[in-house]
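Novice: Just to be clear, the model below is a prediction. Sequence and coordinates:
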Amino acid sequence: MNCQRVQELFIDHQEGTLQPDEAALLRSHLASCPTCQREWSALQEITRKLDDLPVEQASPRLREQFYAMLETHQREADAPSPFALAKSRIDRFFEAILPAQPALQFALAITLLVAGVFAGSRFLPTPAVVLPTDDTAKTELAALRAQVDGMGKLVTFSLLQQKSTSDRLQGVLATMELKNPDRKVLTDLVGALAFDPSLNVRLSAVEALALHANDEVVRAGLLAALPRESAPLVQMAMIELLASVRDVNAAPLFEQLSRDESADKNVRDAAKRALASLRTPTPAEAQPNALAKEPVPAKAA
């Protein structure tokens, strides 16, 4: 039993669902392999930390959003495809005109490929590469490069350099125990939120950053990561976090997401609610205006 197979069976072994012979082979391999011993210890540590986390009840609004998103996806999955009839007709058309034997199909494909290459090289013009010549275009390109370089300096990739997803998740969870994390820890969390391929790691990064949402680096990182995020759950978590700290710089992003028809419906709804929340002044913000409008009593003669 090799290391990859052993690590694939870790979860089943932890839950006690392995067959006796597989469990015996796993224990034998684990006793003599330092690499698998480290992975097993990391899994146990993550499980312990997850068990120690306080159990929080989901808010009614989050529960409603989850079930609404689940119902939307279920309706989309159950709905018949509008292209099913057209697809069946196209399939029947090609079945009628194409040869049934694989050798003839391959020969026909080669013939069409050669004909397409010849026609393209003979009749299609070669596109010209247009390079920026005016000062305005050069300035815009320089500004774009500066933004990319600035983003590269903002985030670090220490969490992504870990060997496995469990190691990266453990690194994010460990930051939740820090009361006053330094700037490097915060930028590492922002980097995990923006670039980590694991959905669970990115969600955990949002939860960890929520403890320090008043920091300028955290808010800037959230604003930079939100446009590149594609997972609806992570998008909604970031939207709610930015709305909770009333970051007015997030208003353009909320406006864009609320109008993006390609975005998930629940994400668009969350962006609309967040935008309305930013536009509604809090009692503390509204009170100075009320005091300013209050007429000053005239002095007695």
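Specialist: Perfect, I can see it now.
Novice: Just say helix, strand or coil for A68.
Specialist: Three-state call for A68 (DSSP: H, G, I helix; E, B strand; the rest coil): helix.
Novice: check contacts around the residue lying closest to it once chain neighbours are set aside.
Specialist: Spatial nearest neighbour of A68, excluding adjacent residues (C-beta to C-beta, 6 or more residues apart in numbering): N266 at 6.0 Å. Just so you know, the C-beta spots here come from the backbone N, C-alpha and C atoms, and that holds for glycine as well. Counting by C-beta atoms under 8 Å, 6 or more residues apart in numbering, N266 touches 65, 68-69, 72, 232, 236.
Novice: how much space between N266 and L199?
Specialist: According to C-beta to C-beta, to the nearest Å, N266 and L199 sit 16 Å apart.
Novice: which outside residues touch stretch 221-239?
Specialist: 65, 69, 151, 154-155, 186-187, 189-190, 193-194, 199, 202-203, 206-207, 209, 213, 241-242, 247, 249-250, 253-254, 256-257, 263-264, 266-267, 270-271, 274.
Novice: Please state the mean pLDDT value computed over it.
Specialist: Taken as a whole, stretch 221-239 carries a mean pLDDT of 90.
Novice: Start and end of it, how far apart?
Specialist: Distance across stretch 221-239, first residue to last, is 13 Å (C-alpha to C-alpha, to the nearest Å).
Novice: want to throw the contacts of N266 into a markdown table with neighbour count and distance to Q4?
Specialist: A markdown table is the format used below for the contacts of N266 (neighbours: other C-beta atoms under 10 Å; distance: C-beta to C-beta, whole Å):
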| residue | neighbour count | distance to Q4 |
| --- | --- | --- |
| Q65 | 21 | 38 |
| A68 | 13 | 40 |
| M69 | 18 | 35 |
| T72 | 13 | 37 |
| P232 | 18 | 32 |
| M236 | 23 | 35 |
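Novice: Tell me the spacing between L178 and L189.
Specialist: Taking C-beta to C-beta, one finds L178 at 10 Å from L189.
Novice: Looking at those two, which is more packed in?
Specialist: Per other C-beta atoms under 10 Å, whichever of L178 and L189 has more neighbours is L189, with 28 against 13.
Novice: Give the helix, strand or coil label for the more buried one.
Specialist: Following three-state DSSP, the label given to L189 is helix.
Novice: got the buried residues for whichever strand or helix holds R219?
Specialist: Per DSSP states H and E: R219 is located in helix 216-225. For helix 216-225, the buried set under the neighbour-count rule, 16 or more other C-beta atoms under 10 Å, comprises 218-225.
Novice: Switch those over to TSV; also include distance to T280.
Specialist: Below are the buried residues of helix 216-225 laid out as TSV (distance: C-beta to C-beta, whole Å):
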residue	distance to T280
V218	23
R219	20
A220	24
G221	26
L222	21
L223	21
A224	26
A225	25
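Novice: Could you point out the member of those that lies closest to P20?
Specialist: A225 (46.8 Å; C-beta to C-beta).
Novice: so R246 touches L278, yeah?
Specialist: Yes - contact criterion C-beta atoms under 8 Å: R246 and L278 qualify, at 6.2 Å.
Novice: what about those two, which has more around it?
Specialist: Legend: neighbour count by other C-beta under 10 Å for R246 and L278, higher for L278 (18 against 14).
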